[in-house]
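Colleague: Got a sequence here, can you model it:
(chains A and B)
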Amino acid sequence: MRTARLLITTGLLIAAAALVTWYAVKPDPVAGDPDRFITALTAPSAENPIAARPEDAPVAPATGSLGPSSVPSPTPSVPPFTISSATVTDARIPMRLRIPALGQDAPVVVAGVDEAGEMEVPSNVTDVAWYGFGPAPGQPGSSVLAAHVDLAGQGPGVFHRLGALEPGSLIFVDFADGTTGAYLAEARAIYDKDDLPTDALFSRDGPPVLTLITCGGGFNRSLRSYDSNIVVYAVPVGDEGVRGVLPA
Amino acid sequence: MRRIVLTLIAVALASMPATALAQSEDGTVTVVHGVPDLSVDVYVNDTLTLAAFEFGTVTDPLTLPAGDYDIDIRAAGADASDPAVLSETVTLPAGANATIEANLDGAGDPLISVWVNDISTIDAGNGRVTVRHTAAAPNVDVLANDGILFADVPNGAEGVADVAADTYNVKVTAAGDPSTVVLDTPLTIPEGTNVIVYAIGDLGAGSFMVAVQSIGGLHTAPSGVPSGTGGLAAAGLPMWLFSAMVLGAALVVGGGLVAARQRG
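Modeller: Numbering: from 1, shown residues only, chains lettered A, B, ... in the order given. Here you go, the predicted model:
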């Protein structure tokens, strides 16, 4: 009888200890305040991307006859037109992504859109994709770096442990011009793929945000696809900006 | 003139989403100069708004309240009281993005054309190319990378297409005659941008050229980020927890069996 009681007690203890340990170490997919980033990135001109953008409305010079003393016209008066030559801003192309907290140092490749209309992600587990149609890291809007969490036959990817990257972790991006930008992870979120806030994640307006994306959540073995995306939001620190560029 | 105004309104209504009409009382106007050998002053509602405007030039877009505007074009430096070379009343509907162009018709006579620009959003990865034939020239074909993009375009007409964002070799040829190339140039179509190319000037007089206007900010987001097929990171119970639970259950069952045997 003593043997039986010992076996049952040990079994229950092992199960209980395992559950407690799992609960303690299991990463919470959400950390920080990700909704703050969604709000900040969707706020500017979300309805109509070209309506009332500041750069579309040049300020009229103080010359001409349209000042306060001009005679009121029955039809709307107009400021002078301006002519500007096209200027090409040399976007800083990211070359490497380093996340010391995850032990990752990976090359970055420029990516676009695949045939399904989704963001291209390299077909390997070693590269990070930068959405090159959007802003470069540090520019206004959300600069997206995506990588695989894993690939069938290739094993874990660069962002395998992105779901465990904690707010406060530093992220570094090495640029083609030899400079390095530093970013501070501030929030982590998990979104069902059907409800991914793509307009915010790929926003080209708003405060500069570095957005890291991979897959996560449940895995459908027949489709070989995860049902969610894990997203980490980071803000520039150091030379590129100060902590707290987003409204707290 | 009445025809132009009505056409502009009709096209604008047809091409604008209802929300854009409802939320904006302003319209956007760009001016293009496509009449060769003529430097002009542009008056809007009797105010000089664009001085010494040169052939081939495109202004920045200007946001204006919706409404009627009287456009008068005079030779550069002419007195404001001089008769205008060209005059037109243009209606700018709320929310419209319009281009006002002084150009030549097919016979080489100058006129004011009003275009409504397609500012609907563009699928991620694509750009939009608009070609407007506003030169004194016969009908043309427009080729991109040697494939026909727009065929048999007459003066006063336009072609609009969404294409993958890229740099294309663009050729303009006489309609149906690929050997008569009147223009051969690389053209970059940036993602989320409507690149509007105006064929202007007089082909016979050697002043045929293009002016280019760009309207950005029409991009949309990709529909998703597919970034895993392995299943190694799937949420759910990790293998060690599964093993521990199995071990615990086995011990409990074993203990039960022992107890049952001892009792029996």
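Colleague: What number of residues are in the vicinity of the closest residue to residue B:199 other than its chain neighbours?
Modeller: Nearest residue to residue B:199 in three dimensions, chain neighbours excluded: residue B:135, at 4.5 Å (Cβ to Cβ, 6 or more residues apart in numbering or on different chains). Yep, even glycine has a C-beta here, placed from its N, CA and C like the rest. A count of neighbours around residue B:135, defined by other Cβ atoms under 10 Å in any protein chain shown, yields 28.
Colleague: any idea how far residue B:135 is from residue A:118?
Modeller: Counting by Cβ to Cβ, to the nearest Å, the separation of residue B:135 from residue A:118 is 41 Å.
Colleague: before we move on, what about residue B:189?
Modeller: Where residue A:118 is concerned, residue B:189 sits at a distance of 21 Å (Cβ to Cβ).
Colleague: Comparing these two, which shows the higher neighbour count?
Modeller: Neighbours were counted for residue B:189 and for residue A:118 using other Cβ under 10 Å; residue B:189 has more, 23 against 18.
Colleague: Let me see the contact set for residue A:92.
Modeller: Taking Cβ atoms under 8 Å, 6 or more residues apart in numbering or on different chains as the criterion, residue A:92 is in contact with A:136, A:137, A:138, A:139, A:175, A:176, A:177, A:179.
Colleague: Drop anything exposed from these.
Modeller: A:136, A:137, A:138, A:139, A:175 (16 or more other Cβ atoms under 10 Å in any protein chain shown).
Colleague: does the last one have beta-bridge partners, and which?
Modeller: It refers to residue A:175. residue A:94 (DSSP bridges).
Colleague: And residue B:31, by the same measure?
Modeller: Note on residue B:31: beta-bridge partners by DSSP bridges are residue B:100.
Colleague: Hmm, it is touching residue B:103, no?
Modeller: No. With contacts counted by Cβ atoms under 8 Å, residue B:31 stays clear of residue B:103, the gap being 11.4 Å.
Colleague: any common contacting residues for these two?
Modeller: Common neighbours of residue B:31 and residue B:103 (Cβ under 8 Å, 6+ apart) do not exist.
Colleague: With chain A as the reference, measure out to the residue nearest to residue B:199.
Modeller: For residue B:135, the distance to chain A (Cβ to the nearest Cβ, to the nearest Å) stands at 21 Å.
Colleague: I figured that residue hits residue B:205, correct?
Modeller: No. Using Cβ under 8 Å, residue B:135 makes no contact with residue B:205, being 10.3 Å away.
Colleague: Find the nearest non-adjacent residue to residue B:111, please.
Modeller: Nearest to residue B:111 is residue B:105, by Cβ to Cβ, 6+ apart, at 5.5 Å.
Colleague: burial measure for the one you found, as a count.
Modeller: Residues near residue B:105, counting by other Cβ under 10 Å: 14.
Colleague: show me the contacts for it.
Modeller: B:111, B:136, B:155, B:156.
Colleague: next one: phi and psi at residue B:254?
Modeller: phi -60, psi -50 (degrees, to the nearest 10).
Colleague: now do the one 5 residues further on
Modeller: Recorded main-chain torsions at residue B:259 are phi -60, psi -40, according to degrees, to the nearest 10.
Colleague: got a list of what the one residue in the stretch 51-200 of chain B that gets nearest to chain A touches?
Modeller: For the stretch 51-200 of chain B and chain A, the shortest gap (Cβ to the nearest Cβ) falls at residue B:125, measuring 3.1 Å. Applying Cβ under 8 Å, 6+ apart, we find residue B:125 in contact with A:112, A:113, A:117, A:133, B:164, B:165, B:191, B:222.
Colleague: what pLDDT does the residue lying closest to the third one once chain neighbours are set aside get?
Modeller: What it means is residue A:117. Residue nearest to residue A:117 in three dimensions, not counting chain neighbours: residue B:223, with 4.6 Å by Cβ to Cβ, 6+ apart. You'll see residue B:223 listed with a pLDDT of 94.
Colleague: again with residue B:208
Modeller: The predicted local confidence for residue B:208 is 94.
Colleague: Pretty sure it sits against residue B:181.
Modeller: No. The criterion here is Cβ under 8 Å, and residue B:208 misses it with residue B:181 at 11.6 Å.
Colleague: Looking at those two, which is more packed in?
Modeller: residue B:208 (18 against 12).
Colleague: which residue sits closest to that one, ignoring its sequence neighbours?
Modeller: Nearest non-adjacent residue to residue B:208 (Cβ to Cβ, 6+ apart): residue B:201, at 4.4 Å.
Colleague: my guess is the one you found meets residue B:38, correct?
Modeller: No. Contact criterion Cβ under 8 Å: residue B:201 and residue B:38 do not qualify, at 11.0 Å.
Colleague: overlap in contacts of the two?
Modeller: Contacts common to residue B:201 and residue B:38, judged by Cβ under 8 Å, 6+ apart, are residue B:55.
Colleague: wait, is residue B:213 part of a helix?
Modeller: No. Checked against DSSP: H, G, I helix; E, B strand; the rest coil, residue B:213 lies outside a helix; its state is strand.
Colleague: Can you give the contact residues for the longest strand that chain B contains?
Modeller: Ranked by residue count and defined by DSSP state E, the top strand of chain B is strand B:177-189. For strand B:177-189, contacts defined as Cβ under 8 Å, 6+ apart pick out B:127-129, B:137, B:140-141, B:143-144, B:163, B:165-174, B:195, B:197, B:199, B:203, B:208, B:210.
Colleague: re the thing from before, which of the buried ones among the contacts of residue A:92 sit farthest apart?
Modeller: A:139 and A:175 (11.4 Å; Cβ to Cβ).
Colleague: Residue A:209 and residue B:33, how far apart?
Modeller: 41 Å.
Colleague: ok, these two, which is more surrounded?
Modeller: Neighbour count, other Cβ under 10 Å: between residue A:209 and residue B:33, residue A:209 has more, with 28 against 25.
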